[in-house]
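Student: Please work out how this folds:
(chains A and B)
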Amino acid sequence: MTASSAPTTAVAATLPEAGRSLKQKLARAERMNKLKSQLLILPLVLFILLVFVLPITSLLFKSVNNPEVVDAMPHTVKAISSWSGRALPPEAVYAAAAQDIQQAHDDQKLGDLGKRLNMEVAGYRSLLNKTARALPMDPAPKSYKEALTNLDERWGDPAYWQAIRRNTSTQTPFYLLAAMDHRVDDLGEISRSSPDQAIYLDIFTRTFWMSLVVTAIALALAYPLAYLLVNLPTRTSNLLMILVLLPFWTSVLVRVAAWIVLLQSGGLINSTMQWLGMIDHPLQLVFNRTGVYISMVHILLPFMILPIYSVMKGISPSYMKAAISLGCHPFASFWRVYFPQTVAGISAGALLVFILSIGYYITPALLGSPNDQMVSYFVAFYTNTSINWGMATALGGLLLAATMILYIVYNWLVGAKSLRLG
Amino acid sequence: MKKCMKALSLAVVAACCAQAAQAADLTVISFGGANKAAQEKAYYAPFTKATGIKVVGGEYNGEMAKVKAMVDTKSVSWDVLEVESPELARGCDEGMFEKLDYSKIGNKADFVPGAAQTCGVGIFVWSTVLAYNADKLKVGPTSWKDFWDVKKFPGKRGMRKGAKYTLEVALMADGVAPKDVYKVLATPAGVDRAFKKLDQLKPNIQWWEAGAQPPQYLVSGDVVMSSAYNGRIANTQKEGKNLKIVWNGGMYDFDSWAIPKGSPNKDAALKFIAFASKPENQKVYSQNIAYGPTNKKAVPLLDKQLVADLPTAPQNIKSGVAVDVAFWADYGESLEQRFNAWAAK
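Tutor: Take a look at the predicted model:
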């Protein structure tokens, strides 16, 4: 576009009158072209917005969404705002709570409410259910404070009221803080979770560390193989390429199951080694970190090989020949002439493998022990098992954010422009 | 003319009602699989024969969201539903199930303790038990205490990756009587005690998540003993594998029948539940699948050899503990979280 505008300006300078209209025409034509090309990508943009950006954003919103208490206990929320949080709340709060719990029970909102408050204080769910069964009290008691405390002494414990007080807003940092092993304590200050509940910071570190190890191993294996594939005669390299791609087309689940069969203590590898007398006792190769690494590297290897291979394929062999014929040592010529040209493929492959590993779920779940699980395992746990979507999206959102930050750092260090997938 | 219209509309309404009444097939929803096949033999077909009410069998995966949607929109098309205990308790509290009239079902005292609930009646009893491979262990373990004895029984142990069942087992191994397990577990000191006990065994534990895994581990020799669901072990025994069950300290729980609130065939549904709770029908069910009958009177009708393999056999159930659903509803989340933190260290 800049190339075409240069002669236009030259013409416009010599013929000011005609030039201006020509320039305008050209500009209009270019605008039309631009618009047309934009119209062409419009369906794609809409598609990405509708099925990718929108659902993800609305899901991420769940990590701060906190409607349960406000929805089910409107009167209590209003009444409790005047309470300082010290000692026990006034009678008005008790009366409002009794009214709200009864209403929530009738509207069948008690389940959601109990679930949310049970996250704050274990046992809240049954307390609410027990209270709802006792309501309405007939005759209406003089003091709900007394009546509720008589019904269950837990209503006389400020901790249960503070749990409500912490949730009087429809937005909460609860899930995001919990996903970073922090919580809002009884005094309303942010503090670390107790050591027996703290888990996620370790899990995040582990996720990134394991992904890094997998990427490093995959790179170490893929680079020589890609080099071999490029330099072998076409027939042999095609055959090898099919061998690389074949597992790529097999279901991940099948491959994971196959690894269990191969690696287990009575499995093929262990029994062969025992038979050969190499080991006395079967090696523990699966249901630990080793098994996870073996399988993940195997599954992700093609993602490393293919970009490196395609970049290597485009490097003319004459560069190396020239370097060597000019007296450079073969290794030095490889390192200083050949290798720099493959960096684009390496960075593409490494980024691809790393990002895919971060989200791995099924392989660690089936082949690893509990201390090999990555963040995705807990996302799945909260989504499917405990149906705590706030926690699931908080973990998922943090993982997404951490990945984005890593990508930006990577981009800054290596430069995304150098990425080449083929 | 007006009269005519009135008569006509009345006739239409009457016709509609008649149709609704006629279409009173009973829809019974279960979890499918071998369990449903046994139910068809024991309950569905005989019920139709006895009452003339056609039973339409369906399957689901325990999604309470579906039931809630039906009840909330008052378009209930399921009449009888198989549910697990936590869902039964929750659904009952949230008003998703009808409260049952036991005068139409049977004597509450005939049922195994815990089977007759406000909103549901136990269909069968299943149990989480200690299982081992008798080909690998000549002298088997007899209790959870032996489970912890890695000197006498060297090798890995399989345990469910989760707080539920695992903490109970740890306490029983630490000497807590089965009937006191939940009392101890409800105190912070009891939870600490359970985790401390688990610490001792941690290097020797291989965790499982799906019920199919423990028999697999046992057969392949990856573990020497494991906690497992009794039905899965029974299936593997049928395949000729020499797996054994230790009933001492088994934790039993129920699958129950429930009626979604607003079912149009409530009476027929109650009749069905009553029919399925009769000892002679439960007998047929247990003959087809290794789950225990909830009606105590069904046990004497069964083959002695068969009874020995059922969770409800008197000698098996007496040393067992009933899973406390209310306890897990309250403490489940915090204990599972603590378990995850513990396991990941």
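Student: and A:Met304, what is it in contact with?
Tutor: A:215, A:218-219, A:221-222, A:349-350, A:352-353 (C-beta atoms under 8 Å, 6 or more residues apart in numbering or on different chains). Using the backbone N, CA and C atoms, a C-beta is placed for each residue, glycine as well.
Student: And for A:Gly368?
Tutor: Contacts of A:Gly368 by C-beta under 8 Å, 6+ apart are A:287-289, A:291-292.
Student: Spatially nearest residue to A:Thr172 (excluding sequence neighbours)?
Tutor: Distances taken as C-beta to C-beta, 6 or more residues apart in numbering or on different chains put A:Asn66 closest to A:Thr172, at 3.8 Å, once the chain neighbours are dropped.
Student: thought the one you found was touching A:Pro173?
Tutor: No - applying C-beta atoms under 8 Å, one finds A:Asn66 not in contact with A:Pro173, separated by 9.3 Å.
Student: Who has more neighbours out of those two?
Tutor: Applying other C-beta atoms under 10 Å in any protein chain shown to A:Asn66 and A:Pro173 shows that A:Asn66 carries more neighbours, namely 20 against 17.
Student: Next up, phi/psi of that one, please.
Tutor: phi -150, psi 60 (degrees, to the nearest 10).
Student: In the stretch 1-150 of chain B, which residue sits closest to chain A?
Tutor: B:Glu94 (4.3 Å; C-beta to the nearest C-beta).
Student: Now do the contacts for whichever residue of the stretch 201-345 of chain B sits closest to chain A.
Tutor: Per C-beta to the nearest C-beta, the residue of the stretch 201-345 of chain B with the smallest distance to chain A is B:Ala343, at 3.5 Å. Applying C-beta under 8 Å, 6+ apart to B:Ala343 gives the contacts A:370-371, B:161, B:207.
Student: next one: phi and psi at it?
Tutor: Torsion angles, degrees, to the nearest 10, at B:Ala343: phi -70, psi -30.
Student: For the nearest residue to B:Leu310 once chain neighbours are set aside, give me its contacts.
Tutor: If the residues on either side of it in the chain are set aside, B:Leu310 comes closest to B:Gly292, at 4.0 Å by C-beta to C-beta, 6+ apart. Listed by C-beta under 8 Å, 6+ apart, the contact set of B:Gly292 reads B:112, B:124-127, B:252, B:286, B:310-313, B:316-317.
Student: quick one, strands of chain A?
Tutor: A:182-184, A:190-192 (DSSP state E).
Student: ok, and which of those has the densest surroundings?
Tutor: strand A:182-184 (a mean of 18; mean count of other C-beta atoms under 10 Å in any protein chain shown).
Student: anything in that one sitting right up against chain B?
Tutor: No - Strand A:182-184 is not in contact with chain B by C-beta under 8 Å from any C-beta of the partner chain; minimum separation 11.7 Å.
Student: Equivalent analysis for stretch A:111-119, please.
Tutor: Yes - using C-beta under 8 Å from any C-beta, stretch A:111-119 reaches chain B at A:111, A:118-119.
Student: Tell me how far that stretch lies from the chain's centre.
Tutor: Relative to the mean C-alpha coordinate of its chain, stretch A:111-119 is positioned 26 Å out (C-alpha atoms, centre = their mean, to the nearest Å).
Student: Could you do stretch A:185-194 as well?
Tutor: So, by C-alpha atoms, centre = their mean, the centroid of stretch A:185-194 is 26 Å from its chain's centroid.
Student: could you give me the average pLDDT of that stretch?
Tutor: Stretch A:185-194 comes out with an average pLDDT of 80.
Student: Briefly note if that stretch comes near chain B.
Tutor: No - Stretch A:185-194 lies out of reach of chain B by C-beta under 8 Å from any C-beta, never closer than 8.9 Å.
Student: okay, that stretch in PDB with CA atoms only?
Tutor: Extracted C-alpha coordinates of stretch A:185-194, given in PDB (Å, rounded to 0.1, in the frame of the first residue of the first chain):
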ATOM      1  CA  ASP A 185     -10.600 -14.000  57.800                       C
ATOM      2  CA  ASP A 186     -13.100 -13.100  60.600                       C
ATOM      3  CA  LEU A 187     -11.600  -9.700  61.000                       C
ATOM      4  CA  GLY A 188     -12.300  -8.900  57.300                       C
ATOM      5  CA  GLU A 189      -8.600  -9.000  56.400                       C
ATOM      6  CA  ILE A 190      -6.900 -11.000  53.700                       C
ATOM      7  CA  SER A 191      -4.700 -13.700  55.200                       C
ATOM      8  CA  ARG A 192      -3.200 -17.000  54.100                       C
ATOM      9  CA  SER A 193      -5.300 -20.200  54.200                       C
ATOM     10  CA  SER A 194      -4.400 -22.600  57.000                       C
END
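Student: Following element in sequence after the helix or strand of chain B with the lowest mean pLDDT, please.
Tutor: Lowest by mean pLDDT, DSSP states H and E among the helices and strands of chain B is helix B:2-22, with a mean of 49. Downstream of helix B:2-22, the first helix or strand assigned by DSSP states H and E is strand B:26-30.
Student: what's the following helix or strand past that following strand packed up against?
Tutor: Of the helices and strands lying after strand B:26-30 in sequence (DSSP H and E), the nearest is helix B:33-39. Where contact means 3 or more C-beta pairs under 8 Å, 6 or more residues apart in numbering or on different chains; DSSP states H and E, helix B:33-39 is packed against strand B:26-30, strand B:55-59, helix B:279-288.
Student: Single out the most deeply packed of those.
Tutor: strand B:26-30 (a mean of 22).
Student: Please name every helix or strand in contact with that strand.
Tutor: helix B:33-39, strand B:55-59, strand B:80-84, helix B:266-276.
Student: Following element in sequence after the second one, please.
Tutor: Using DSSP H and E, the helix or strand that follows strand B:55-59 in sequence is helix B:64-72.
Student: Contacts for that following helix, please.
Tutor: Outside helix B:64-72, the residues that reach it (C-beta under 8 Å, 6+ apart) are A:108, B:60, B:76-78, B:81, B:87, B:90-91, B:94-96, B:260-262.
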